[in-house]
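Quick one, fold the following:
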Amino acid sequence: MLAAMRWVAVLAVVAGCRGAAPAGGAAKAGSASGPTAAAATAVPVPGKGIIEGGVRPHHEEAVVECAAKVPESADDDARVSALLDEANKDLEQGMYGAAWTCADRAADLAPTSVEANHLRGAALAALGRDNEAQIAYSLALSLDPDDPETLRAVADFYINGKGERGRDALRLGLELAQRGSRRAIARRRRNAPLAADLAVLEAQALNDLGRSDEALERVDAALRIAPGRGDALHEKGVALFDLSRFADAKTVLQKALTIQPDDAYTHQMLGLTLEALGETAAADAELAKAVSLAPGELTPPVLISQAEFQKEVDAVIAQLPPDRKARVQAIKVEVVDLPDPADLKAVQPPFPPTILGLYRGPVGRTVQPGDESPSIVLYRKNLARAVKTRTELTEQIRDTLLHEIGHLEGLDEDDLRRRGME
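Residues are numbered from 1 along each chain as shown. Model prediction:
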């Protein structure tokens, strides 16, 4: 299956990869997921193309200076302490450029400071400089692999960071969060907010990896520590929704909104839950509210008519090689708005309601005589919500259908992943 979309997380996508179905069961699908030659004297400049004559222009990065007040007479330890205090303050205030400068200056004075490199990573990640952030975080972890604060920050980077996060990043983030939880619990002096943060991160990763039953355990642990955390209630609502416990999810998400009434993703999650409960008008209102609260991240669904959608499906099938086309034309390919609850519960834990497609039939082997007739289903509304543009919708319909055809041909989830077809 392709990665199912869960509409609650960073990048406006909603869930993540889910576990493969057992042989004979159903398998879902989901989201996706220079010049060739130049003269010998030409020099490529990143972002600038080729510069004539082999000389690149001088370039200086703009730097936001650190506002830390450090007396001239201060020794290095005092300077580092002042710089780190200022970096922490700047991060809390969203002044990421200044935070990076402060933390970087501290790291110059104390290269082996875990906190300095941790804060460098946090500031760089907030600035969208992911490659540099990853190195800074790796350095902090190499200096102290068991520091819970650093483990929390790096786990958050891999689970919730900007940019696309695949299965391996989620698994890494989960492992770091779990390690951080163990270290936080082992401390003689407990830090309750830190322990709750780590438990929520674990729940987020587990939900995105299709392990929502396990996510419930971790988010309940977070809520025992901090009962009033809106983000923990949100994540619990996600887990309950993915497990098809819609009435419970509605109650939890409504409670979350009393704590964080302007959280776009909680409104979105509640809208999807209400839709699953058949409360269409209320669902539409919540989904519209979500878009209005985060118009730069969430967009209305790219919904096309059933007939237009069928044309997209027919076009994909028409372009298949003759043998593959014949195989697909011999089975039923349906287009429906949303998944049938019975299909979701065909496996345990259930498929999330936001899956993009489904293959009904034997998984990991080709169809044999005596098998129940296989079929493929594509979900029109879920696909419309998984994209932002009409072109992306065409691509996602194609990718989802080809993924399910892969199951028809005997490929399991790992086979498809190795082919880049998650």
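
gap between the residue most central in space within the chain and residue 382?
Taking Cα atoms, centre = their mean as the criterion, residue 165 is the residue nearest the geometric centre of the chain, at 5.1 Å. For residue 165, the distance to residue 382 (Cβ to Cβ, to the nearest Å) stands at 20 Å. Heads up, the C-betas are built off the backbone N, CA and C, glycines and all.

can you check residue 196 too?
Residue 196 is 32 Å from residue 382, by Cβ to Cβ.

As a quick check, tell me the outermost residue of this protein.
Quick read of the chain (Cα atoms, centre = their mean): farthest out is residue 73, 47.7 Å.

ok, now which ones touch that one?
Residues near residue 73 by Cβ atoms under 8 Å, 6 or more residues apart in numbering: none.

Let the chain start at 506 from now.
New numbering, starting at 506: the last item is residue 578.

the bottom helix or strand of the protein by mean pLDDT?
One helix or strand of the chain scores below all others by mean pLDDT, DSSP states H and E: strand 531-534, with a mean of 39.

so where do the helices sit in the stretch 706-855 of the chain?
717-730, 735-747, 751-764, 769-781, 785-798, 811-823, 827-834, 846-849 (DSSP state H, counting those that start in this stretch).

What residues sit buried inside the third one?
What it means is helix 751-764. 751, 753, 754, 755, 757, 758, 760, 761, 762 (16 or more other Cβ atoms under 10 Å).

go on, stretch 607-625?
Under 16+ other Cβ under 10 Å, the buried positions of stretch 607-625 are 607-612, 615, 618-625.

Over to stretch 833-849?
833, 836, 838, 840, 843, 844, 848, 849.

How about stretch 815-835?
Buried-residue list, stretch 815-835, by 16+ other Cβ under 10 Å: 815, 817, 818, 821, 825, 832, 833.

Ok, stretch 719-733 next?
Within stretch 719-733, the residues that count as buried by 16+ other Cβ under 10 Å are 719, 720, 721, 723, 724, 726, 727, 728, 730, 731.

Go through those residues and name the one nearest residue 806.
residue 720 (25.8 Å; Cβ to Cβ).

which residues touch that closest one?
707, 708, 709, 711, 712, 740, 743, 744.

What sits closest to it if chain neighbours are left out?
residue 711 (3.8 Å; Cβ to Cβ, 6 or more residues apart in numbering).

Nearest to residue 786 among the contacts of residue 720?
Nearest to residue 786 among the contacts of residue 720, with distances taken as Cβ to Cβ, is residue 743, at 22.9 Å.

before we move on, back to that, wait, the residue nearest to residue 720 touches residue 679, no?
Yes - under the criterion of Cβ atoms under 8 Å, residue 711 makes contact with residue 679 at 6.7 Å.

Dump the contacts of residue 720 to CSV, plus pLDDT, distance to residue 787 and neighbour count.
What follows is the contacts of residue 720, written out as CSV (pLDDT from 0 to 100; distance: Cβ to Cβ, whole Å; neighbours: other Cβ atoms under 10 Å):
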residue, pLDDT, distance to residue 787, neighbour count
707, 98, 31, 28
708, 97, 26, 32
709, 96, 26, 31
711, 96, 29, 25
712, 95, 24, 31
740, 97, 22, 32
743, 98, 19, 33
744, 98, 21, 29
